[in-house]
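Q: attaching a predicted model along with its sequence, questions to come.
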Amino acid sequence: MIRILLVEDDKNLAEAIEDHLKKEGCLADWCGDGEQALAHALHGEFPYDVILLDRMLPVLDGLTVLKAIRQKQIWTPVLMITGLSGLEDKIDGLDCGADDYLTKPFSINELMARVNSLIRR
């Protein structure tokens, strides 16, 4: 079973994504802020196959979370999902260690295609 850490502070969006992931046979853990996300990523009992990480989060932002997990040499593929669509925003996310970058709003089908692509690596 594919394990996904979903980090999204918009509860409605998180629930929609989580429902779809479950329909696809994935097991998803949801966190609504960066501090929770970092705790899950660093201390999870079982490693995640993919992390879906929002960039703008309460407590710790997504880039801070991403930098922290990469500093701990956690190489789980990370797909940033964010409303920040500027070129510099994308470059910052990728330079901090994201494997892919998807801007909101997005199609759930595109999200799943990108998740599957990261898993195939």
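A: All right, it came through fine. Numbers count the residues shown, from 1 in each chain.

Q: any weak-confidence spans in this protein?
A: 44 (pLDDT under 70).

Q: where does the most centrally placed residue in the chain sit: helix, strand or coil?
A: Centroid-nearest residue in the chain, with CA atoms, centre = their mean: L52, separated by 1.5 Å. Using DSSP: H, G, I helix; E, B strand; the rest coil, the three-state assignment for L52 comes out as strand.

Q: tell me which element L6 is part of?
A: Assigned by DSSP states H and E, L6 belongs to strand 2-7.

Q: how far does that strand sit from its chain's centre?
A: 7 Å (CA atoms, centre = their mean, to the nearest Å).

Q: buried residues in that strand?
A: 3-7 (16 or more other CB atoms under 10 Å). Any C-beta I mention is one placed from the backbone N, CA and C, and that applies to glycine too.

Q: same deal with stretch 48-61?
A: So stretch 48-61, judged by 16+ other CB under 10 Å, has buried residues 48-55, 57, 60-61.

Q: reformat those as TSV; add distance to R120.
A: Listed next are these as TSV, based on distance: CB to CB, whole Å:
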residue	distance to R120
Y48	16
D49	11
V50	11
I51	16
L52	16
L53	19
D54	23
R55	24
L57	27
L60	29
D61	29
